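Novice: How does the following fold in three dimensions:
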Amino acid sequence: MIKVAIMGHGTVGSGVYEVFDMNADKIAKTVGEPVEVKYVLDLRDFSSLPYGNKFVTDFSVIENDPEVTVVAEVMGGVGAAYQFTKRCLEAGKSVCTSNKELVATKGEELLKIAEEHGVNYMFEASVGGGIPVIRPMLQCLAANEFNEICGILNGTTNYILTQMIHNGVTFADALKQAQLNGYAEKDPTADIEGHDACRKICILSDLAYGDKFDPDQVSCEGITKITLEDVANADKLGCVIKLLGRSVRCEDGTAYAYVAPHLIHKESPLAAVEDVFNAIMIDGNATGEVMFYGKGAGKLATASAVVADMLDSIEHKDNRRRIFWGDGSKHLLRPLDTLQSAWYVRFKGAQKDVEELLPVESLTEPAEDVFVVQTRKLSTAEMNAAAEKLNARGEVRAAMRIL
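Specialist: Now for the predicted structure:
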């Protein structure tokens with residue numbers, strides 16, 4: 001009998017227990033013997049649950065029990081979760097997590113501790129919930145150099161944009177709807193400002209390029225400024241608006257990484273990804289483009305990925321999974337200044353200013369002195385400089401890259 005523990009009994013934590021319970025026979029066949037959840041760590045009172053006798057409030061019970069070999073960390077945050085994860089690894093216990101914030105900010109340190117103690121620190125569920133993407137990157141695509149990673153990494157913002165695109169709902173009303181449906185938190189800042197997607201693209205970039213990409217240093221823009229006017233203009237250009245996390249490898253080995261709303265052409269596979277679904281496209285130099293698609297969040301979907309990592313750790317307890325992750329010393333993150341893109345610009349002002357300051361690909365007839373401009377490719381620095389000059393003569397109401 002293999003003994004495991006769960007730290008945290010929120011949405012994902014309760015889902016982890018449920019997966020172990022409902023799939024007990026399948027799990028036993030997978031690893032060759034039954035797996036028992038011996039402890040669930042949570043400060044709240046869950047004594048009324050059928051498994052209420054498994055709850056503990058003292059972390060050291062898990063830390064000091066030699067029978068527990070694998071632990072799920074589904075607490076969230078970087079406070080107690082970080083300390084408990086570190087101590088589990090130092091005690092010779094593998095840790096599997098869905099905590100994207102902890103992985104993105106402390107992954108390098110925790111992987112090093114895991115290596116020193118011959119155990120695993122695994123985090124498939126931290127990106128894309130139940131969508132397998134990290135394991136395919138490390139195994140199926142291991143022979144590739146990664147040219148680009150681009151994805152819809154946040155289900156909340158994708159749901160909001162879907163409502164705006166198809167139902168003509170304003171951003172504010174779509175957000176309220178997302179909260180009523182349980183897709184958005186009471187405080188939705190991490191989602192709508194792009195921070196959640198930023199942590200995920202940092203994790204994927206870390207794995208792809210072997211260097212630490214710090215979320216605090218990665219350009220991050222959310223969807224709060226997008227209007228129904230932008231949605232309608234995108235449609236006329238044959239595009240839809242999506243919030244993308246993107247990293248692009250340059251010839252010198254450096255990489256751009258950022259999160260921002262984009263206009264993407266309707267022919268793109270990403271354009272068809274709607275509601276709370278996520279999709280991640282990875283371009284390998286041998287495979288070409290491959291896409292991973294599914295629900296990026298949800299109780300059982302995310303729990304499934306956590307449990308899969310736990311089973312992997314059990315099966316390979318004597319053969320540590322090698323996960324390469326740099327410490328940031330390579331300085332691979334490249335400033336966005338030189339990234340070349342075509343741009344969508346919504347500008348109130350004079351046509352002569354648009355034509356003077358932007359490389360115009362197309363220009364609509366003005367409506368109340370507002371022009372919709374599609375530019376040819378120019379760098380981020382050039383776009384920012386042009387926008388500053390345009391704002392001195394009128395008002396740039398929106399500017400987004402076009403893919």
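
Novice: what are the C-alpha coordinates of stretch 271-284, in PDB please?
Specialist: Output of stretch 271-284 as PDB, limited to C-alpha atoms (Å, rounded to 0.1, in the frame of the first residue of the first chain):
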ATOM      1  CA  ALA A 271      -9.500  31.700 -33.400                       C
ATOM      2  CA  ALA A 272     -11.900  28.800 -32.900                       C
ATOM      3  CA  VAL A 273     -11.000  28.300 -29.200                       C
ATOM      4  CA  GLU A 274     -14.000  29.700 -27.300                       C
ATOM      5  CA  ASP A 275     -15.500  30.100 -23.800                       C
ATOM      6  CA  VAL A 276     -13.400  28.600 -21.000                       C
ATOM      7  CA  PHE A 277     -11.300  26.400 -23.300                       C
ATOM      8  CA  ASN A 278      -7.500  26.900 -23.600                       C
ATOM      9  CA  ALA A 279      -5.100  26.000 -26.500                       C
ATOM     10  CA  ILE A 280      -1.400  26.100 -26.700                       C
ATOM     11  CA  MET A 281       0.500  26.000 -30.000                       C
ATOM     12  CA  ILE A 282       4.200  24.900 -29.900                       C
ATOM     13  CA  ASP A 283       6.400  25.200 -32.900                       C
ATOM     14  CA  GLY A 284       9.300  22.700 -32.800                       C
END
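
Novice: per-residue confidence averaged over that stretch?
Specialist: Across stretch 271-284, the average pLDDT comes to 97.

Novice: Could you list the buried residues of it?
Specialist: Of the residues in stretch 271-284, Ala271, Val273, Glu274, Val276, Phe277, Asn278, Ala279, Ile280, Met281, Ile282, Asp283, Gly284 count as buried by neighbour count, 16 or more other C-beta atoms under 10 Å. Heads up, the C-betas are built off the backbone N, CA and C, glycines and all.

Novice: repeat for stretch 233-248
Specialist: In stretch 233-248, counting by 16+ other C-beta under 10 Å, buried: 233-234, 237, 239-248.

Novice: now stretch 42-53
Specialist: Counting neighbours by 16+ other C-beta under 10 Å, stretch 42-53 gives Asp42 as buried.

Novice: Quick check: mean pLDDT of that stretch?
Specialist: 96.

Novice: List of residues touching it?
Specialist: Gly8, His9, Gly13, Tyr17, Asp21, Val37, Val40, Phe55, Thr57 (C-beta atoms under 8 Å, 6 or more residues apart in numbering).

Novice: Can I have the buried ones of those residues as a ChimeraX selection?
Specialist: Filtering the contacts of stretch 42-53 down to the buried ones (16+ other C-beta under 10 Å) takes a single ChimeraX command:
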select :8,9,13,17,37,40,55
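
Novice: what sits against Ile264?
Specialist: Per C-beta under 8 Å, 6+ apart, neighbours of Ile264: Cys239, Val240, Ile241, Lys242, Leu244, Leu270, Ala271, Ile402, Leu403.

Novice: same check, this time on Phe324
Specialist: Applying C-beta under 8 Å, 6+ apart, we find Phe324 in contact with Leu207, Gly210.

Novice: Kindly recompute the last result at 7 Å.
Specialist: Contacts for Phe324 were tallied using C-beta atoms under 7 Å, 6 or more residues apart in numbering; they are Gly210.

Novice: Poorly predicted segments of the stretch 201-350 of the chain, please.
Specialist: Scanning the stretch 201-350 of the chain for pLDDT under 70 picks out nothing.

Novice: Show me where it has its strands.
Specialist: Under the criterion DSSP state E, counting those that start in this stretch, the stretch 201-350 of the chain carries strands at the ranges 219-220, 239-249, 255-265, 277-284, 288-295, 340-348.

Novice: would you turn those strands into TSV with distance to Val370?
Specialist: What follows is the strands of the stretch 201-350 of the chain, written out as TSV (distance: least, C-beta to C-beta, whole Å):
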stretch	distance to Val370
strand 219-220	27
strand 239-249	17
strand 255-265	17
strand 277-284	32
strand 288-295	36
strand 340-348	5
